[in-house]
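A.B. asks: Provided below are the primary sequence and the corresponding predicted coordinates.
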Amino acid sequence: KEDVDFFSHLEMHLRQENAPLCGNDHLRYRSSYNPVRNVIDGGLCEQFSQISTELQGRIAEELDRTPGEVMKKLEDVRNKIM
């Protein structure tokens, strides 16, 4: 439950702060073939490591974490899957 809340909020902040390159709405793009509900977009969450350190700090602060803690959480989930 805690992980779901964390990643849902991370995804929400990334969607708001990190605009897509083509300017498309991220949710509309992900739902173009099949409606997406109650799914966390791991690809979007993985973009956290690619954004500027300033933006990482701002998003991590909103999540009450440090950027390092957010990256560690992403790494832990990635390693659980593999």
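C.D. replies: That came through fine. Only a predicted model underlies this, so the values are computations on that prediction, with no experimental measurement involved.

A.B. asks: which sections of this structure are below the confidence cut-off?
C.D. replies: In the predicted model of the chain, residues 19-36, 82 satisfy pLDDT under 70.

A.B. asks: Need the three-state assignment for Asp64.
C.D. replies: Recorded secondary structure, Asp64: coil (DSSP: H, G, I helix; E, B strand; the rest coil).

A.B. asks: My guess is Ile59 contacts Gln47. True?
C.D. replies: No - using CB atoms under 8 Å, Ile59 is not in contact with Gln47, being 10.7 Å away. Every C-beta, even on glycine, is put in place using the N, C-alpha and C of the backbone.

A.B. asks: The residue positioned nearest the centre of the chain: what's it in contact with?
C.D. replies: The centroid of the chain falls nearest to Cys45 when counting by CA atoms, centre = their mean (2.6 Å). By CB atoms under 8 Å, 6 or more residues apart in numbering, the contact set of Cys45 is Phe7, Leu10, Glu11, Leu14, Leu74.

A.B. asks: Looking at those residues, which are in helices?
C.D. replies: Among the contacts of Cys45, DSSP state H puts Phe7, Leu10, Glu11, Leu14, Leu74 in helices.
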